[in-house]
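Asker: Sharing a model that was predicted from the sequence below.
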Amino acid sequence: MKIAIVGTGYVGLVTGTCFAEMGTEVFCVDVDTRKIENLKKGIIPIYEPGLEEMVNRNFHAERLRFTTELKDCVNEVEVLFTAVGTPPDEDGSADLRYVLEVAREIGRNINKYVLVVTKSTVPVGTALLVKQAIQEELDKRGVDVEFDIASNPEFLKEGAAIKDFMSPDRVVVGVESDRAKELMTRLYRPFLLNNFRVIFMDVPSAEMTKYAANAMLATRISFMNDMANLCELVGADVNMVRKGIGSDNRIGGRFLYPGCGYGGSCFPKDVKALIRTAKEYDYPMRILQAVEDVNDRQKTVLFRKLNDFYGGELKGKCIALWGLSFKPETDDIREAPSLVLIDLLLKAGCRVKAYDPVSIDEARRRLGDAVELCKDIYETVLDSDALLVVTEWKEFRLPSWDTIKKLMLTPLILDGRNIYDIEELEQKGFTYSCIGRKIAEKEHPL
């Protein structure tokens, strides 16, 4: 079976590579000539554990090919996925220009049946717009070529995308015809031999499912952050509360970890897009608006704790940050809490030093010289007035606290991911504060 994936960003490259790993012949198409040439040389544009090895293996086996010309492969494939970006407009709506341009190019070039599958996260109704765009181009050519459209939203977690794709909880597919259903069933069968679980539905429902899933996960995170903030005020321990409610089978324990806010390329964008879609139908998404508001404020929680500790006198302070990516095992800093935090610290006149195991290059591109980017955790805390833990990378879990205490000017740790033990750090002589647990009253105001 031959397929094409248009767009070699995070979703497109993972999707194409995983299909190739299962024996499918895959054309990965992108207009970025430099990116395509780099991929042919084994240079991967994103960080994802295991992806580089898999790309190179399938490229050398000639199951995975890279090209800038969709027209050269569109009539060789049975299924064509669009996985191009849908960045948010200023009003929060998804920008569909790239999705529709791909659709128009398909219409200008197809001469035989193809199933066009939208993989990008798009608002409800986008597949219909894709269908119209393709048909308009066919009409301009005066040709009658059969095609189908489908929706196959991705549910990949950055840092675990290959595992998610190769062993999915479920595959959601929206189709309009039996022919499309048969093709998608045949394509996905190798992934699900032990538990064949493709959930077929109509196309609008599939498009909505992706937004609903991410919105629900974002809601759980903001709910727990709201609860954590209240726990601090009343003297409760949010970790105990989390265990107590997570043991209820109706609730479960996943995505109940409080922290300093969610980020990344999906949750913020998808929540905004769903709110915007509802507005177009005159329906206010009150819960999701609150989810977004809570998250925006939560990204400032470490700054507020730091500001309180120093009584608003932050100018000239040296602040160390551990973690820049929005989550571990990725170099993605889009919408990351670290960016909000750094902006607040710089505006307050702080000197900011930061370290991240993977996203230093991306941070340098985004931040320039505004932040001192360090080579390891110990260089970062040297002569610092506080350590702020923003991302829960594994290498941050068991540092030498004795060394860190000697290097810091002020032994203050603000933990935005609740990965340390309060008693241990207090015994080491640190002032420590995390999210959702009130510490013993001392001389400091935290």
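Answerer: All right, it came through fine. Residues are numbered from 1 along each chain as shown.

Asker: Pretty sure residue 283 sits in a helix.
Answerer: No. Residue 283 sits outside any helix when classified using DSSP: H, G, I helix; E, B strand; the rest coil, being coil.

Asker: Downstream of the helix or strand that contains residue 4, the next helix or strand is which one?
Answerer: Secondary structure assigned from DSSP states H and E places residue 4 in strand 2-6. Once the chain leaves strand 2-6, the next helix or strand it forms, by DSSP H and E, is helix 10-21.

Asker: can you map out the helices along the stretch 151-300 of the chain?
Answerer: For the stretch 151-300 of the chain, applying DSSP state H, counting those that start in this stretch gives helices covering 161-166, 178-188, 203-234, 238-246, 267-280, 286-298.

Asker: Tell me the buried residues in the first one?
Answerer: Okay, so that is helix 161-166. By neighbour count with 16 or more other Cβ atoms under 10 Å, helix 161-166 contains the buried residues 161-162, 164-165. Every C-beta, even on glycine, is put in place using the N, C-alpha and C of the backbone.

Asker: swap in stretch 391-409?
Answerer: Buried positions in stretch 391-409, judged by neighbour count with 16+ other Cβ under 10 Å: 391-393, 396, 399, 401, 404, 407-408.

Asker: Now the two most distant members of these.
Answerer: Maximum pairwise distance in the buried residues of stretch 391-409, criterion Cβ to Cβ, is 21.3 Å, between 392 and 407.

Asker: Low-confidence stretches in the protein?
Answerer: 89-92, 194-196, 439-446 (pLDDT under 70).

Asker: in it, which spans are strands?
Answerer: For the chain, applying DSSP state E gives strands covering 2-6, 25-29, 64-67, 79-82, 114-118, 147-151, 171-175, 198-201, 318-322, 351-355, 372-373, 386-389, 412-415, 431-433.

Asker: May I have the strands that pair with the strand holding residue 4, each with its orientation?
Answerer: Each strand paired with strand 2-6, and its direction, by DSSP bridges: strand 25-29 (parallel), strand 79-82 (parallel).

Asker: what sits against the closest residue to residue 292 other than its chain neighbours?
Answerer: In this structure, residue 292 finds its nearest non-sequential neighbour in residue 271, 5.4 Å apart by Cβ to Cβ, 6 or more residues apart in numbering. With contact taken as Cβ atoms under 8 Å, 6 or more residues apart in numbering, residue 271 is in contact with 214-215, 218, 288, 291-292.

Asker: Which of the residues you listed has the largest number of neighbours?
Answerer: Within these, residue 291 tops the neighbour count with 25 neighbours, counted by other Cβ atoms under 10 Å.

Asker: Tell me, how many residues neighbour the spatially closest residue to that residue that is not a sequence neighbour?
Answerer: Leaving aside its sequence neighbours, residue 291 sits nearest to residue 222 (Cβ to Cβ, 6+ apart; 4.3 Å). For residue 222, the count of nearby residues is 26 (other Cβ under 10 Å).

Asker: residue contacts, residue 222?
Answerer: So residue 222 contacts 262, 290-292, 294-295, 298 (Cβ under 8 Å, 6+ apart).

Asker: Then residue 156?
Answerer: Residue 156 sits next to 10-11, 14, 164-165 when contact means Cβ under 8 Å, 6+ apart.

Asker: Which single one of the buried residues of stretch 391-409 is nearest to residue 83?
Answerer: residue 391 (26.3 Å).

Asker: just checking, that closest one touches residue 329?
Answerer: No. The pair residue 391 / residue 329 is not scored as a contact, 9.9 Å apart, by Cβ atoms under 8 Å.

Asker: Next one: the most far-flung residue of the chain relative to its centre relative to residue 247, how far apart?
Answerer: Among the C-alpha atoms of the chain, the one most distant from their mean position (Cα atoms, centre = their mean) is that of residue 142, at 42.2 Å. Distance of residue 142 to residue 247, given as Cβ to Cβ, to the nearest Å: 65 Å.

Asker: tell me, how many neighbours does residue 115 end up with?
Answerer: 24.

Asker: my bad, should have said residue 357
Answerer: Counted with other Cβ under 10 Å, residue 357 comes out at 20.

Asker: could you list every residue that touches it?
Answerer: For residue 357, the contact set (Cβ under 8 Å, 6+ apart) comprises 393, 395.

Asker: For it, give me the backbone phi and psi.
Answerer: Per-residue torsions, residue 357: phi -60, psi -20 (degrees, to the nearest 10).

Asker: measure residue 354 to residue 324 for me?
Answerer: Applying Cβ to Cβ, the value for residue 354 to residue 324 is 6 Å.

Asker: can you list residues touching both of the two?
Answerer: Taking Cβ under 8 Å, 6+ apart as the contact rule, residue 354 and residue 324 both touch 338, 363.

Asker: With neighbour numbers in mind, choose between those two.
Answerer: Between residue 354 and residue 324, residue 324 has the larger neighbour count (other Cβ under 10 Å), namely 30 against 25.

Asker: Skip the chain neighbours and tell me the closest residue to the more buried one.
Answerer: In this structure, residue 324 finds its nearest non-sequential neighbour in residue 356, 3.9 Å apart by Cβ to Cβ, 6+ apart.

Asker: Is it correct that the one you found is in contact with residue 363?
Answerer: Yes. Applying Cβ under 8 Å, one finds residue 356 in contact with residue 363, separated by 6.5 Å.

Asker: Mind listing the shared neighbours of those two?
Answerer: Common neighbours of residue 356 and residue 363 (Cβ under 8 Å, 6+ apart) are residue 324.

Asker: Reformat the buried residues of helix 161-166 as JSON lines; add distance to residue 236.
Answerer: Listed next are those as JSON lines, based on distance: Cβ to Cβ, whole Å:
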{"residue": "161", "distance to residue 236": "36"}
{"residue": "162", "distance to residue 236": "39"}
{"residue": "164", "distance to residue 236": "34"}
{"residue": "165", "distance to residue 236": "39"}
